[in-house]
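Visitor: Sharing a model prediction with you, sequence too.
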Amino acid sequence: MASEMTSSAYISHHLTNWTFGVHPEHGLGFAHTAEDAAAMGFWAIHVDTMLWSVGLGLFFIWMFRKVAKSVTSGVPGSTQNFVEVIIEFIEDNVSSIFHYKNALIAPLALTIFVWVFLMNTMDLVPVDWIPFLTQKIGEAFGADPHHVYMKVVPTTDINATLGMAIAVFGLILYYSIKMKGIGGFLGELAFQPLGKWMLPFNLFLEIVGLLAKPVSLALRLFGNMYAGEMIFILIALLPFWAQWLLSVPWAIFHILVITLQAFIFMVLTIVYLAMAHEDH
């Protein structure tokens, strides 16, 4: 695919989502160019992000449900061993950070870690394989292959990472109000850390700190995964021998990155929810 485009066109194509929305001139439909996608504005849907994120989420549910239904107390299979290791890992982290009674936290932590890890892992698929296959399918249906887009790593889309972060933020607000009451929650914002005489300054500090939680969650995951994807794209522009020379060690290193980013997102979620349960 890289040999059929200029370098800039190749990079732009790989960084453009398959977008569906209302174009100001052409109406409802799929974007044919990056400019069309931008013109569709805020309410446009990144179809590839939705397909891959939902699909990988369903795969996670199917795999863990299958293991749960076939679990044995005898000699477990490799899949059961793998799932048990993950669950024990999550339980250890939750118990060491979250010291309150809440049946939601451990399942939430498990879901976040595995789901984000699966989405991140798509970055290890060679950058041209799935887009090339998608272009051939689109071409079979009469579409211009250069106007067929497919980004397979949902966490390289700021909309996906920000959506997850906003969901976590909603839980932070919910448990802050549930555990402390609306008065206690507003009191934390207004009277800490400098007392009631510094109320405007307290509000500024606390609101900025509160809003920084989802923003930092979203941008950290997005930035690291986007940078990793960009390096894979740049490597794909090199001669074939150089691609193998660079892509293999970078992929091995990137395994650490994708695992670490899933772990950080999970741990920070647990920390933020533990803070929401604290009653000062």
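Guide: Happy to help now that I have it.
Visitor: Sticking with the residue nearest to residue 166 when sequence neighbours are not counted, tell me its helix or strand.
Guide: Using Cβ to Cβ, 6 or more residues apart in numbering and skipping the chain neighbours, the partner closest in space to residue 166 is residue 214 (5.7 Å). Placement of C-beta: from N, CA and C, glycine included. Secondary structure assignment for residue 214, by DSSP states H and E: helix 199-236.
Visitor: Any figure for the gap between the residue nearest to residue 166 and residue 220?
Guide: From residue 214 across to residue 220, the span is 11 Å (Cβ to Cβ, to the nearest Å).
Visitor: Between the two, which has more neighbouring residues?
Guide: Neighbour tally, residue 214 and residue 220, criterion other Cβ atoms under 10 Å: the higher count belongs to residue 214, 21 against 16.
Visitor: what residues are up against that one?
Guide: Going by Cβ atoms under 8 Å, 6 or more residues apart in numbering, residue 214 touches 162, 165, 166, 168, 169.
Visitor: can you list those in JSON lines and add neighbour count and secondary structure?
Guide: Listed next are those as JSON lines, based on neighbours: other Cβ atoms under 10 Å; DSSP: H, G, I helix; E, B strand; the rest coil:
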{"residue": "162", "neighbour count": "18", "secondary structure": "helix"}
{"residue": "165", "neighbour count": "24", "secondary structure": "helix"}
{"residue": "166", "neighbour count": "13", "secondary structure": "helix"}
{"residue": "168", "neighbour count": "19", "secondary structure": "helix"}
{"residue": "169", "neighbour count": "19", "secondary structure": "helix"}
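Visitor: Make sure residue 22 is indeed in a strand.
Guide: Yes - if the criterion is DSSP: H, G, I helix; E, B strand; the rest coil, then residue 22 is within a strand.
Visitor: Quick one: low-confidence residue ranges for the protein.
Guide: 1-4, 197, 280 (pLDDT under 70).
Visitor: Would you state the strands of it in chain order?
Guide: 19-23, 27-30, 45-46 (DSSP state E).
Visitor: Run through the neighbouring helices and strands of the second one.
Guide: In terms of contact count using 3 or more Cβ pairs under 8 Å, 6 or more residues apart in numbering; DSSP states H and E, strand 27-30 is assigned the packing partners strand 19-23.
Visitor: Quick check: which helices or strands does the strand it packs on pack against?
Guide: Counting contacts by 3+ Cβ pairs under 8 Å, 6+ apart, strand 19-23 packs against strand 27-30, helix 34-39, strand 45-46.
Visitor: what about the spatially closest residue to residue 79 that is not a sequence neighbour, neighbour count?
Guide: Once flanking residues are discounted, residue 79 sits nearest to residue 67: 5.8 Å by Cβ to Cβ, 6+ apart. Residue 67: 18 surrounding residues under other Cβ under 10 Å.
Visitor: Quick check: residue 67 vs residue 275, distance?
Guide: Applying Cβ to Cβ to residue 67 and residue 275 gives a distance of 33 Å.
Visitor: what does residue 157 give?
Guide: According to Cβ to Cβ, residue 157 stands 28 Å off from residue 275.
Visitor: what's the answer for residue 216, then?
Guide: Residue 216 sits 14 Å away from residue 275, going by Cβ to Cβ.
Visitor: which of residue 157 and residue 275 has more neighbours?
Guide: Counted by other Cβ under 10 Å, residue 157 and residue 275 do not tie: residue 157 has more neighbours, with 22 against 12.
Visitor: wait, what's in contact with the more buried one?
Guide: With contact set as Cβ under 8 Å, 6+ apart, residue 157 has these partners: 17, 46, 49, 151, 222.
Visitor: and the third one, what is it in contact with?
Guide: Same thing as residue 49. Contacts of residue 49 by Cβ under 8 Å, 6+ apart are 17, 151, 154, 157, 159, 160.
Visitor: Kindly tell me how buried the fifth one is, as a neighbour count.
Guide: By that I understand residue 159. By other Cβ under 10 Å, 18 other residues sit near residue 159.
Visitor: Thanks a lot, catch you later.
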